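Chemist: I'll drop the sequence and a predicted model, then ask my questions.
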Amino acid sequence: MRLKRDFTKLLDINEEEGMHLLERAKILKKIRNNKKEYKPLKDRTLAMIFEKASTRTRVSFEVGIHELGGHAIFLTAGETQIGRGEPIKDTARVLSRYVDAIIIRTYSQDIVEELACWASVPVINGLSDLYHPCQILGDLFTIEEVKGDFRNLKIAYIGDGNNVANSWIEASILFGLNMAIATPKNYKPEETLLEQAKKNKGFTFIDDPYEAAKDADVVNTDVWVSMGQEQEKQERKKAFVAYKIDEKLLKNAKNDAIVMHCLPAYRNQEISEGIFERFQDVIFTQAENRLHVQKALLEWLIKNE
Ligand code: CP
Ligand code: NVA
């Protein structure tokens with residue numbers, strides 16, 4: 001038994017652990033595709049605290065723990081005492097007496113980290129304003145599956161310097177990726193992460209989306225208006241016009257480049273309808289793969305061997 005581990009951000013794990021999770025995801029996907037049973041988490045329980053909307057994260061975690069033999073309890077702030085002001089540190093200690101792991105989707109990263117600090121069971125970040133680590137783990141798995149490897153490719157992220165962008169930067173630090181990020185000047189990712197990532201020669205941060213897409217093997221984007229930013233919608237739509245992934249932008253990438261989107265996608269904002277549909281198979285495989293990497297994560301965190 002080792003000390004309990006958390007997954008509040010990608011840099012909570014090291015490179016070897018990251019590779020282990022991707023390898024396990026591959027095996028778990030094969031077991032599922034072959035309709036074989038594998039239930040290492042029999043009778044284990046996952047608490048799922050959601051303070052923001054979700055389709056993929058919620059369903060893939062619920063299905064994932066169920067397939068591994070355990071079950072999930074879905075909790076919202078409004079229907080628990082969290083919404084009435086019960087401190088996170090108390091919630092953490094109470095839930096730790098009942099369940100084997102906790103996933104939380106919330107606003108502030110501080111809440112995720114406070115929960116992890118006080119819980120005696122593993123805590124997983126299901127998205128905060130700062131990070132979306134489960135998404136990028138799934139995206140790396142998808143790139144490996146579609147392209148064979150993610151290390152010798154140019155991966156571009158074009159759009160908002162948000163939680164998804166920050167987790168991509170963490171991935172570039174963790175795995176030494178060849179990565180280009182392009183965001184408008186006023187919508188940059190976290191400065192401290194950029195400083196750390198820039199130490200790797202393969203990493204570039206610019207504001208020109210065409211430069212980021214140049215010779216890219218993978219082009220990633222995300223929504224321009226994240227959950228909690230709805231009141232900024234009009235100004236954001238104007239600021240990001242040049243960052244839309246469309247035919248013209250994609251011409252700069254390699255001929256066999258793929259386009260990825262973590263979803264939900266807003267057509268004719270961050271991605272054109274034509275590009276979305278051309279890459280729909282990759283994009284929906286990307287959504288499916290959340291299930292496989294998160295099962296690997298649950299297995300690793302809860303079995304704790
Ligand atoms: N990509 C993603 O996390 O989707 P949901 O918001 O639907 O969970
Ligand atoms: N950046 C988006 C990701 C949604 C999965 C958001 O935070 O709303």
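Modeler: Structure received. Ligands and ions are numbered 1, 2, ... in the order given.

Chemist: and the helices in the stretch 51-200 of the chain, which stretches?
Modeler: Ranges of helices in the stretch 51-200 of the chain, per DSSP state H, counting those that start in this stretch, are 56-67, 88-98, 109-118, 133-147, 163-175, 191-197.

Chemist: for the protein, which residues are neighbours of ligand 1?
Modeler: For the chain, the contact set with ligand 1 under C-beta under 6 Å from any ligand atom comprises 54, 55, 56, 57, 127, 135, 262, 263. For every residue, glycine as well, the C-beta is placed using N, CA and C.

Chemist: taking the centroid of this protein, which residue is nearest it?
Modeler: Closest residue to the average C-alpha location of the chain: residue 135 at 1.9 Å, with C-alpha atoms, centre = their mean.

Chemist: name the nearest residue to that residue, ignoring sequence neighbours.
Modeler: Excluding the flanking residues, the one nearest residue 135 by C-beta to C-beta, 6 or more residues apart in numbering is residue 262, at 5.0 Å.

Chemist: residues near the one you found, how many?
Modeler: Residues lying near residue 262 (other C-beta atoms under 10 Å) number 23.

Chemist: same thing with the one 3 residues further on?
Modeler: By the other C-beta under 10 Å criterion, the neighbourhood of residue 265 contains 18 residues.

Chemist: can you say which helix or strand has it in it?
Modeler: In this structure, residue 265 sits in neither a helix nor a strand according to DSSP states H and E.

Chemist: that one and residue 254, how far apart?
Modeler: Distance, residue 265 to residue 254, using C-beta to C-beta, to the nearest Å: 22 Å.

Chemist: next: residue 86.
Modeler: 52 Å.

Chemist: what's the answer for residue 229, then?
Modeler: 32 Å.

Chemist: returning to what we had before: enumerate every residue touching the residue nearest to residue 135.
Modeler: Residues in contact with residue 262, defined by C-beta atoms under 8 Å, 6 or more residues apart in numbering, are 132, 135, 139, 164, 220, 222, 286.

Chemist: look up how far ligand 2 lies from it.
Modeler: Here the criterion is C-beta to the nearest ligand atom, to the nearest Å. By it, residue 262 lies 5 Å from ligand 2.

Chemist: please report phi then psi for that residue.
Modeler: In terms of degrees, to the nearest 10, the main-chain angles of residue 262 are phi -70, psi -20.

Chemist: ok, residue 298 touching residue 65?
Modeler: Yes. Contact criterion C-beta atoms under 8 Å: residue 298 and residue 65 qualify, at 6.0 Å.

Chemist: which neighbours do those two share?
Modeler: Counting by C-beta under 8 Å, 6+ apart, the common neighbours of residue 298 and residue 65 are 41, 46.

Chemist: got the residues of the stretch 201-305 of the chain near ligand 2?
Modeler: With the criterion set to C-beta under 6 Å from any ligand atom, the stretch 201-305 of the chain comes near ligand 2 through 222, 223, 226, 227, 262.

Chemist: any idea which of those has the most stuff around it?
Modeler: The most crowded member of these, judged by other C-beta under 10 Å, is residue 222 (25 neighbours).

Chemist: circling back to that earlier point, of the contacts of residue 262, which is the nearest to ligand 1?
Modeler: If you rank the contacts of residue 262 by distance to ligand 1 using C-beta to the nearest ligand atom, residue 135 comes first, at 5.4 Å.

Chemist: who's in contact with that closest one?
Modeler: 127, 164, 167, 262, 290.

Chemist: can you tell me which of those residues is nearest residue 96?
Modeler: Nearest to residue 96 out of those is residue 127 (C-beta to C-beta; 21.6 Å).

Chemist: what's the neighbour count on the closest one?
Modeler: Using other C-beta under 10 Å, residue 127 has 27 neighbouring residues.

Chemist: near the nearest residue to it once chain neighbours are set aside, how many other residues are there?
Modeler: Nearest-residue entry for residue 127: residue 105, 4.8 Å, with adjacent residues in sequence omitted and distances by C-beta to C-beta, 6+ apart. Residue 105: 23 surrounding residues under other C-beta under 10 Å.

Chemist: any chance of the contacts of residue 262 in a markdown table, plus pLDDT and distance to residue 14?
Modeler: Shown next, in a markdown table, are the contacts of residue 262 (pLDDT from 0 to 100; distance: C-beta to C-beta, whole Å):
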| residue | pLDDT | distance to residue 14 |
| --- | --- | --- |
| 132 | 99 | 20 |
| 135 | 99 | 19 |
| 139 | 98 | 19 |
| 164 | 99 | 22 |
| 220 | 98 | 23 |
| 222 | 98 | 26 |
| 286 | 98 | 24 |
